[in-house]
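> Any chance you can model this:
(chains A and B)
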Amino acid sequence: DGGITQSPKYLFRKEGQNVTLSCEQNLNHDAMYWYRQDPGQGLRLIYYSQIVNDFQKGDIAEGYSVSREKKESFPLTVTSAQKNPTAFYLCASSPTTYEQYFGPGTRLTVT
Amino acid sequence: LAKTTQPISMDSYEGQEVNITCSHNNIATNDYITWYQQFPSQGPRFIIQGYKTKVTNEVASLFIPADRKSSTLSLPRVSLSDTAVYYCLVGDNLGGKLIFGQGTELSVKP
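Model (predicted):
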């Protein structure tokens, strides 16, 4: 099956710990994206990558880091510097900017 | 990237046609208009995209007037399963960025 997978679906961490969210796609898309969504809000762009070994900051990159070593994978690390990390995290990939395909999301809770 | 304005919420009943309008006064010449649908705890799903006039697919229609400063997503004969948040986005296919606003929360009642 072609698609985007994110794991795990739910993730719990203690404050002060770094945590890495997985995003894998087998759609052969060049571009990949990470968004954050808070309750009742729209999506906010964290990082995006249009090609392997290259990525750009989105609107709320502080406290997050990414890597793009393979076309299929775009992991997101939520660092302890992120002041309010509890949120729903969505990964997407795209053959063009305006046809983004989203994964099922990871709900991160930090206590 | 052009800013968009849409109603926060709308109510409808099963079988009705629903029209959601989005304002984008600062749309640029190269910008396209795209709509996404999102169900709770899921990622958004692409619905339709257009540049001008009218676009129709198996799910919805998109109406764009000549000045392109607004657009209307039309959902024919909605069902309960169309209850979701609908996002209007405007931008070109360069730069790799999408700006999601708050969207319109559509509630379809029996």
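> Report the beta-bridge partners for A:Tyr33.
A:Tyr48, A:Ala92 (DSSP bridges).
> How about the contacts made by it?
Contact analysis of A:Tyr33 by C-beta atoms under 8 Å, 6 or more residues apart in numbering or on different chains lists A:45, A:47-49, A:58, A:74, A:91-94, A:100, B:96, B:98. No exception for glycine: its C-beta is placed from N, CA and C like everyone else's.
> ok, those residues vs B:Glu14, which is closest?
A:Gln100 (29.6 Å; C-beta to C-beta).
> Could you give the number of residues near that closest one?
Residues within reach of A:Gln100, counting by other C-beta atoms under 10 Å in any protein chain shown, total 28.
> A:Arg107 too?
Residue crowding around A:Arg107 was assessed by other C-beta under 10 Å; the count is 15.
> Now for A:Ser49: which residues touch it?
If you count contacts by C-beta under 8 Å, 6+ apart, then A:Ser49 has A:31-33, A:55-56, A:66, A:68, A:74 around it.
> could those go into CSV alongside distance to B:Ala28, secondary structure and pLDDT?
Below are the contacts of A:Ser49 laid out as CSV (distance: C-beta to C-beta, whole Å; DSSP: H, G, I helix; E, B strand; the rest coil; pLDDT from 0 to 100):
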residue, distance to B:Ala28, secondary structure, pLDDT
A:Ala31, 21, strand, 91
A:Met32, 25, strand, 93
A:Tyr33, 21, strand, 93
A:Phe55, 25, strand, 95
A:Gln56, 20, strand, 93
A:Val66, 29, strand, 98
A:Arg68, 29, coil, 97
A:Phe74, 28, coil, 98
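> Any of the residues you listed buried? List them.
With burial judged by 16 or more other C-beta atoms under 10 Å in any protein chain shown, the buried subset of those is A:31-33, A:55, A:66, A:68, A:74.
> from the contacts of A:Tyr33, which has minimum pLDDT?
Minimum pLDDT for these is recorded at B:Gly96 (61).
> export stretch A:48-67 as CSV, just CAs?
Extracted in CSV, the C-alpha atoms of stretch A:48-67 (Å, rounded to 0.1, in the frame of the first residue of the first chain):
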residue,chain,number,x,y,z
TYR,A,48,9.6,21.4,5.4
SER,A,49,12.0,19.7,2.9
GLN,A,50,11.8,19.9,-0.8
ILE,A,51,14.8,17.6,-1.5
VAL,A,52,17.0,15.1,0.3
ASN,A,53,19.7,16.7,2.6
ASP,A,54,17.9,20.1,2.5
PHE,A,55,15.2,21.6,4.7
GLN,A,56,13.8,25.0,5.7
LYS,A,57,12.2,26.4,8.8
GLY,A,58,8.6,27.0,8.9
ASP,A,59,6.7,29.5,11.0
ILE,A,60,7.3,27.8,14.4
ALA,A,61,10.6,26.0,14.1
GLU,A,62,12.0,27.0,17.5
GLY,A,63,12.5,24.0,19.8
TYR,A,64,12.3,21.5,16.9
SER,A,65,14.9,19.8,14.6
VAL,A,66,14.6,17.6,11.5
SER,A,67,16.8,15.6,9.2
